[in-house]
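Participant: predicted structure and sequence below. I'll ask about it afterward.
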Amino acid sequence: MVRRLYVLVLVLVVLASSSILWERHLVERQNRQVALLMDGTDLYYRARQESLDLPLYLRRLKEAGLYGIASHVMPLRDMAILGDVVIRGAGADAREYAAGLGLRSPLPTQSLLHIKDEQLQGPIIKLIEELSLGQEVTVFGSVVYTEMPVERLRRASLGFPPTLIAAIDEVGLAFLPVFSPYTGSSVRAMAEFLTTRDFAGVMFTGNRLADDLSGVEELKRVITERNLRIYWLQRHDTLRGYVPLVGVEGILTDESRIIRGFRPSRLETNNPLVTPYSMTDRWLGSVKEYNVRAIYMRPFYRAPDIEYNEEYVRLLAASVRKAGFTLGSAESFRRFYPRPWQFFFVAAGIALLGLAVVRKFKLPPLLGYLGVGAVVFSQIFLLTPWSVYLRLSVALGGAIIASMAALALWKDEKNPWRGFFLINVTTLGLALLVASYLSDYYFIAEFEYFRGVKLQYTAPLVILAGLLFVPRFKKLFGEIREEVRRIGVLGAALLVLLFASAVVIYVWRAGHVHSISQFELNLRFWMEEVLIARPRFKEILIHPVLLVIMYFRRNLSRLMFEGGLVVVAIAQVSIVNTFMHLRTPLAHSLLRTFHGLWIGAILGLAAIVVLRQMIALYVGMTGRTHDR
């Protein structure tokens, strides 16, 4: 009876997990359209500086495949770069500039603004008076003294450049206003502007709304009534780091259509080593791996500008289509939320996995039963506001167990090929089980994300080592001495040094943020272009080790074999962690895991052939047996 109940629960676990993952896969497949946008502010500045025909520029970009223009308002700070105004902070800078104009010195607390463009004098003076909020403003023709702090003065804005708006309308491109308080955006002004015309949506920079939040409800109302898409702009210079959608919660509703966008920094496109080809690789990676559906390009400032960037857009458009996506307006992912009973049975599966590991290592049965009871009864919190925290906690525990369970269950398999297959397929299945527990709209859109990555990377290795070595702790030192005697002190020292270096690098590269060399970045791009889904280097390098130690098991001491198991757990951890990137489409994660397995198997086979030849050569030269 108990056995039948156990089987029934396992069937329900598989059905619940599979149904969640299938629904997630369908949601990800439905969203295959990408919007190509270019920074209108950069285009406007460059056209001004190089005397380019802006409407012609935009028309050529549209013909190449551009969907629309995204632009923030133009603050006085940027107008100063173009030479339209001059800004001097209160103090010596303001006094010296005023003296050069033959004007009296401003007060010690007053900043100076010189408006050089006559057509802008009236609108800017009016803007400064409105923003000064009763503070003293002194006007000498085109020069303004104001008590406004200089940083606030630099962010003051008249709105979007009329010349840019007129060019966008003339060409017929979509227009996406970008809200950023750092470039002069005002909540009230943006709310008013969004009622003036049709828009592709509105983009937020993902940091905060503004210092003045008094107009948030009005902005929320306008966005909701007009059913505008909300574009969430990734703020990092690369997509290596996680950036949550925070600071704009006040304008979100349950029906908000949220689209993930990404834009590189100006430093990147100014780098002479960066080309349209390398940027295209970056864009494709962001679309395929990070669910980005709005590509927010910066134009290259390289002559001839129009032809250079036209070819850039044309290349990107062709590459996106080749990758199986369509071009046009971006759309948000369909919201999906699995039912609590589905999550309940998935959690039960995770709990039973923990029980299986307890039994495999002959730990106290009470420990396993307590774990199962705690996980199962905690699922009542799925019906509370703390549901997300419960799922994150259970998923972290499940990911840790899943990263070592397959090695524990199949480490005694005699056939190395079958053992290699069973270990990796089991880990893949367990990774999917844990991933299903976190699969819903909030996680694939990355409002929530898997936490505890470094713990998930290190805990399985520590726990597995403890389960393997602690039961025979008293004999362990004798085994170590015997191994040192066999391979020599120098050999042992080299092994320890290599292991310590590998652990440091392994832990350092774990998590959402770590640095990557340019060589590795280029190698990643190449592999993504060739294989579509780039396998993880940890799996390519460690899978061969698993195959080698399984094959030469009879030739290894127990210490070396079990030590090797701890090392090869790195690849199992990597497989599980791949599926903890919930923002990455499920099919993409499966493909990159598959690539890691077949490449690792080929390298492992090659390593076995080479080692067999080396052993045969060693035996022939020394006449010794090769039992060890």
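Facilitator: Sure thing, it's come through.
Participant: after the helix-or-strand element of the chain with minimal mean pLDDT, next one along is what?
Facilitator: Here the helix or strand of the chain ranked lowest by mean pLDDT, DSSP states H and E is helix 518-531, holding a mean of 65. Sequence-wise, the next helix or strand downstream of helix 518-531 (DSSP states H and E) is helix 537-551.
Participant: now that next one: average pLDDT?
Facilitator: Averaged across helix 537-551, pLDDT comes to 87.
Participant: do stretch 130-149 as well
Facilitator: pLDDT averaged over stretch 130-149 gives 87.
Participant: cool, and stretch 365-375?
Facilitator: If you average the pLDDT over stretch 365-375, you get 86.
Participant: quick one: list the elements packing against the helix or strand Leu433 falls within.
Facilitator: According to DSSP H and E, Leu433 maps onto helix 416-437. On a contact count with 3 or more Cβ pairs under 8 Å, 6 or more residues apart in numbering; DSSP states H and E, helix 416-437 meets helix 2-30, helix 340-360, helix 387-410, helix 537-551, helix 558-579, helix 586-622. To be clear about C-beta, it is placed using only N, CA and C from the backbone, and glycine gets the same treatment.
Participant: buried residues, the shortest one. List them.
Facilitator: This points to helix 537-551. 538-551 (16 or more other Cβ atoms under 10 Å).
Participant: same question for stretch 382-395.
Facilitator: 382, 388, 390-395.
Participant: output those in TSV, with pLDDT appended to each entry.
Facilitator: Formatted as TSV, the buried residues of stretch 382-395 follow (pLDDT from 0 to 100):
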residue	pLDDT
Leu382	88
Val388	89
Leu390	92
Arg391	93
Leu392	93
Ser393	92
Val394	93
Ala395	93
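Participant: reformat the residues you listed as TSV; add distance to Gly371.
Facilitator: Formatted as TSV, the buried residues of stretch 382-395 follow (distance: Cβ to Cβ, whole Å):
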residue	distance to Gly371
Leu382	18
Val388	21
Leu390	15
Arg391	17
Leu392	17
Ser393	13
Val394	11
Ala395	15
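Participant: between these, which is nearest Ala90?
Facilitator: Closest to Ala90 out of those is Val388 (47.8 Å), distances taken as Cβ to Cβ.
Participant: and the residue nearest to the closest one when sequence neighbours are not counted, how far is that from Gln456?
Facilitator: Nearest residue to Val388 in three dimensions, chain neighbours excluded: Glu448, at 5.7 Å (Cβ to Cβ, 6 or more residues apart in numbering). According to Cβ to Cβ, to the nearest Å, Glu448 and Gln456 sit 16 Å apart.
Participant: which one's more surrounded, these two?
Facilitator: More crowded of Glu448 and Gln456, by other Cβ atoms under 10 Å: Gln456, with 25 against 18.
Participant: check whether that one really touches Ile400, as I assumed.
Facilitator: Yes. Taking contacts as Cβ atoms under 8 Å, Gln456 lies within contact range of Ile400: 5.7 Å.
Participant: quick check: buried residues in stretch 427-436?
Facilitator: 427-428, 430-436.
Participant: you'd agree Leu10 is up against Leu352?
Facilitator: Yes. Using Cβ under 8 Å, Leu10 is in contact with Leu352, at 7.3 Å.
Participant: domain parsing of this protein, as residue ranges.
Facilitator: Here the domain parsing of the chain from automatic domain parsing is 32-74+159-327, 77-155, 340-622.
Participant: which one of the ones you listed lies closest to Tyr6?
Facilitator: Closest to Tyr6 of these is domain 340-622 (Cβ to Cβ; 7.9 Å).
Participant: any chance of the helices and strands packed on helix 416-437 in JSON lines, with distance to Arg155 too?
Facilitator: Shown next, in JSON lines, are the helices and strands packed on helix 416-437 (distance: least, Cβ to Cβ, whole Å):
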{"stretch": "helix 2-30", "distance to Arg155": "39"}
{"stretch": "helix 340-360", "distance to Arg155": "46"}
{"stretch": "helix 387-410", "distance to Arg155": "36"}
{"stretch": "helix 537-551", "distance to Arg155": "43"}
{"stretch": "helix 558-579", "distance to Arg155": "41"}
{"stretch": "helix 586-622", "distance to Arg155": "40"}
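Participant: low pLDDT regions in the protein?
Facilitator: 1-3, 181-182, 184, 206-214, 234-250, 487-489, 491-492, 495, 498-532, 618-628 (pLDDT under 70).
Participant: mind doing that once more with 50?
Facilitator: By pLDDT under 50, the low-scoring segments of the chain are 235-244, 512-514, 628.
Participant: sec struct for Tyr337, please.
Facilitator: Reduced to three states with DSSP: H, G, I helix; E, B strand; the rest coil, the structure at Tyr337 is coil.
Participant: over to Phe477?
Facilitator: Taken by three-state DSSP, the conformation at Phe477 corresponds to helix.
Participant: mind listing what's buried in stretch 447-457?
Facilitator: For stretch 447-457, a neighbour-count test (16+ other Cβ under 10 Å) marks 447-450, 452-453, 456-457 as buried.
Participant: what do you get for stretch 297-310?
Facilitator: Across stretch 297-310, burial judged by 16+ other Cβ under 10 Å covers 297-301, 305-306, 309-310.
Participant: give me the contacts around that stretch.
Facilitator: 36-39, 42-43, 46, 50, 52, 56-57, 60-61, 63-64, 263-266, 268-270, 276, 279, 283, 312-313, 316 (Cβ atoms under 8 Å, 6 or more residues apart in numbering).
Participant: swap the cut-off to 6 Å and go again
Facilitator: Contact with stretch 297-310 is made by 38-39, 42-43, 57, 60, 64, 269, as judged by Cβ atoms under 6 Å, 6 or more residues apart in numbering.
Participant: need those residues in a markdown table (columns: secondary structure, neighbour count and distance to Gly89).
Facilitator: Shown next, in a markdown table, are those (DSSP: H, G, I helix; E, B strand; the rest coil; neighbours: other Cβ atoms under 10 Å; distance: Cβ to Cβ, whole Å):
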| residue | secondary structure | neighbour count | distance to Gly89 |
| --- | --- | --- | --- |
| Met38 | strand | 27 | 33 |
| Asp39 | strand | 21 | 28 |
| Asp42 | helix | 18 | 26 |
| Leu43 | helix | 24 | 30 |
| Tyr57 | helix | 23 | 35 |
| Arg60 | helix | 19 | 41 |
| Ala64 | helix | 18 | 43 |
| Thr269 | helix | 20 | 30 |
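Participant: between all of the residues you listed, which two are separated the most?
Facilitator: Arg60 and Thr269 (18.2 Å).
Participant: what's Val51 sitting at in phi/psi?
Facilitator: In this structure residue 51 is Ser, not Val. Ser51 has phi and psi values of phi 60, psi 50 when expressed as degrees, to the nearest 10.
Participant: tell me which of the buried residues of stretch 297-310 fall in helices.
Facilitator: Among those, the members falling in helices (DSSP state H) are 305-306, 309-310.
Participant: identify, from those residues, the entry nearest to Ala493.
Facilitator: Asn309 (56.6 Å).
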